[in-house]
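In: Would you be able to build a 3D model of this:
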Amino acid sequence: MKLYFKYILLFVGMSVLFTACYKEDDIVAELAEDEKRPEPSDDPVDGYIYDFFKNYETYVFYNYDTLDYQWEFMDNHEVVFVEQSDRLLLEEGVNLLEAIFAGLYPDDFKKKHFPPYIFLADSINQTIYDGELNLASFKGTSFVALGRIGDNIADYTEEEIQEMKLSINLDLWRGYFVLNDKFKIPAEFGQVSEEYYGLNMLDHTGVDWWEDIDFYEYGFWKGYGKPIYWWYPSWLSDPYYSPNDVNEDLDAYFEMIFTHTESELLAMIDGYPKMKAKYNILMEYVENNYGFNLHDVAN
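Out: Numbers count the residues shown, from 1 in each chain. Predicted structure coming up:
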């Protein structure tokens, strides 16, 4: 081992010697101009984009190339973002973005935690569905995207707007943050119900019908279906399984917190110690680490 180490030192020393003997001009590197850096503008869309970048160092894109979102270092996304070029619809789009996403978070949060890029799209389609699926939002390791900035944006119902709101905020917390290892699940959260993950709760409880299972008693918001056969979709089966793991469990907590006020949710879990414990653990963790109340998304 020592002899091997001597050979390494000899090789490194000779490399340094030869490099020192070879004289060349100093290398000067110039920073490339940021062609996508927004400029001040009186246009409502471009003005919003400029202010957003100036305040939070996040780019809001409506004009982009597929490489900007389809490929990242960590993943290859099978999606297509269809650009929206109509200025009036884009203005509606930035207003919607502010109302259901950006405007819900304080400035310090956006400066510290928002992704580098936000995309606005007429539609977001997954190629595995032959472009038929129009997603409300999408996420990557460097971005979140808001879709459905299309011709009927002014006619969206409150229910449709709430669906988009839930989707993009989940894509921040349970998508972008998770992909970048920016959200650590508190160990205490999973420990409350860990003995029940992945169980057939019909067998566990001994009841005759899945609707008689009180999932709240075990700390779960709902039951989950599992496919009977490989071709049988889980959503067609009776939901009598507990969540597979802590991630599936946590997804449900985020969804419920994002869609209910604090008073509504506390009333729902009153009398259920496991639900209350997991709720408090999650809320306190986010407050302590992000300075944010998750219920502000629902308000």
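In: Who are the contact partners of residue 114?
Out: By CB atoms under 8 Å, 6 or more residues apart in numbering, residue 114 lies in contact with 56, 58, 102, 105. Using the backbone N, CA and C atoms, a C-beta is placed for each residue, glycine as well.
In: Now distance to residue 298 and secondary structure too, for the residues you listed, in JSON lines please.
Out: Compiled in JSON lines, the contacts of residue 114 are given as follows (distance: CB to CB, whole Å; DSSP: H, G, I helix; E, B strand; the rest coil):
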{"residue": "56", "distance to residue 298": "22", "secondary structure": "helix"}
{"residue": "58", "distance to residue 298": "23", "secondary structure": "coil"}
{"residue": "102", "distance to residue 298": "16", "secondary structure": "helix"}
{"residue": "105", "distance to residue 298": "13", "secondary structure": "coil"}
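In: Just name the closest of these to residue 197, please.
Out: Using CB to CB, residue 105 is the member of these that sits closest to residue 197, with 31.3 Å.
In: Verify the contact between the closest one and residue 292 for me.
Out: Yes: counting by CB atoms under 8 Å, residue 292 is a contact partner of residue 105 at 6.9 Å.
In: Could you check how many residues crowd around residue 68?
Out: Applying other CB atoms under 10 Å, we find 18 residues neighbouring residue 68.
In: And it, what's its pLDDT?
Out: We have a pLDDT of 81 for residue 68.
In: Identify the residue spatially nearest to it, adjacent ones excluded.
Out: Leaving aside its sequence neighbours, residue 68 sits nearest to residue 61 (CB to CB, 6 or more residues apart in numbering; 6.9 Å).
In: quick one, what contacts the one you found?
Out: Residues in contact with residue 61 (CB under 8 Å, 6+ apart) are 36, 68, 117-120.
In: Quick check: phi and psi on it?
Out: Backbone geometry at residue 61, expressed as degrees, to the nearest 10, gives phi -110, psi 140.
In: thinking again about what came up before, quick one: which of the contacts of residue 114 is nearest to residue 77?
Out: Distance to residue 77, by CB to CB, is smallest for residue 58 among the contacts of residue 114, at 19.2 Å.
In: Next one: the closest one from residue 192, what distance?
Out: 35 Å (CB to CB, to the nearest Å).
In: cool, and residue 134?
Out: 37 Å.
In: Tell me which of these two has more neighbours.
Out: Neighbour totals were compared for residue 134 and residue 192, and residue 192 leads with 19 against 16 (other CB under 10 Å).
In: now the contacts of residue 61: which count as buried?
Out: 68, 117-120 (16 or more other CB atoms under 10 Å).
In: quick one, strands of the protein?
Out: Assigned by DSSP state E, the chain shows strands spanning 59-61, 79-82, 117-120, 123-126, 137-139, 143-146.
In: Residue 237 touches residue 226, doesn't it?
Out: Yes: under the criterion of CB under 8 Å, residue 237 makes contact with residue 226 at 6.0 Å.
In: quick one on the thing from earlier: format the contacts of residue 114 as a markdown table; extra columns: pLDDT, neighbour count and distance to residue 140.
Out: Output for these, formatted as a markdown table (pLDDT from 0 to 100; neighbours: other CB atoms under 10 Å; distance: CB to CB, whole Å):
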| residue | pLDDT | neighbour count | distance to residue 140 |
| --- | --- | --- | --- |
| 56 | 98 | 21 | 18 |
| 58 | 98 | 18 | 14 |
| 102 | 98 | 20 | 18 |
| 105 | 98 | 19 | 19 |
